[in-house]
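*Asks:* Here's my sequence, what's the structure:
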Amino acid sequence: MVDHAPQTEPVTPAEHVFPIASMDGRFRVASGVVLLLAAGALTGLYIAAMFLSGTVGLLLWIAAIVSSVGLVIGLTLIRLYARPTHFELRPEGLRIVWPARSRKLPSNAFYEIRRCTETELGRLKRCFGISPVFGAFGWFRSEYMGSMDVYITRSGGLVYLRMSNRHPLLLTPEEPEEFLRALGELADRVD
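*Replies:* Numbering: from 1, shown residues only. Below is the predicted model of the structure:
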């Protein structure tokens, strides 16, 4: 009897798992303000729809329902695809993990691994991504350091990773010093 089950490659266990840092006060406040404004706008649409009749009332109901669904879908997409849950260090490299996807970066790709400050970055300008709801995620341009992929949830504890043939990364793991030490050891093993 022949086994026709699909073959999967063995998964190497993570050496270290670092959750993304919890949001700092700035991102908490910004997220709260954005969500409160969205909730207020939706509430206003529903109230206006209740008091208006005819075509205008119907259009407001439709707008309120579509906007509510859009908000739920948007928040779900941020959670599943934009905001990573954790960073894994494996013998083969760094793996950034989201609930619905992951990104693998080989150990030999890193040639600069260090802490970074807000002063060094300057202002971050979003090119493609999301900010400030639950953090800043996506492709950003730093005032002083150029383009980079950003996955941050706080303004402190920033880890900067420069790689060959790729955009640099800016991350906020829960324990940045331990993350840097472990990633440095991993990169040293490859050299």
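
*Asks:* how close does residue 60 sit to residue 139?
*Replies:* Going from residue 60 to residue 139 by CB to CB, to the nearest Å gives 36 Å. All C-beta spots, glycine's among them, are computed from the backbone N, C-alpha and C.

*Asks:* Looking at those two, which one has more neighbours?
*Replies:* residue 60 (19 against 13; other CB atoms under 10 Å).

*Asks:* Next up, the contacts around the more buried one.
*Replies:* Applying CB atoms under 8 Å, 6 or more residues apart in numbering to residue 60 gives the contacts 45, 48-49, 52.

*Asks:* and the gap between the residue nearest the centre of the chain and residue 53?
*Replies:* The chain has residue 83 as the residue nearest its centroid, 2.9 Å off, counting by CA atoms, centre = their mean. According to CB to CB, residue 83 and residue 53 sit 42 Å apart.

*Asks:* need the strands for the protein, in chain order.
*Replies:* With DSSP state E, the ranges of strands along the chain come out as 16-19, 86-90, 93-97, 102-106, 110-116, 124-130, 136-142, 146-152, 158-163, 169-171.

*Asks:* from the contacts of residue 60, which is closest to residue 188?
*Replies:* Closest approach to residue 188 among these (CB to CB): residue 45, at 56.9 Å.

*Asks:* what's the burial count for the residue lying closest to that closest one once chain neighbours are set aside?
*Replies:* Using CB to CB, 6 or more residues apart in numbering and skipping residues adjacent in sequence, the residue nearest residue 45 is residue 64, 3.8 Å away. Residues near residue 64, counting by other CB under 10 Å, number 20.

*Asks:* Test my guess that residue 64 contacts residue 47.
*Replies:* No. Counting by CB atoms under 8 Å, residue 47 is not a contact partner of residue 64; they are 9.2 Å apart.

*Asks:* which helix is the longest one in the protein?
*Replies:* Using DSSP state H to define each element, the chain has its longest helix at helix 25-51.

*Asks:* In that one, which residues are buried?
*Replies:* 27, 30-31, 38, 42, 45-46, 49 (16 or more other CB atoms under 10 Å).

*Asks:* Cheers, nothing more for now.
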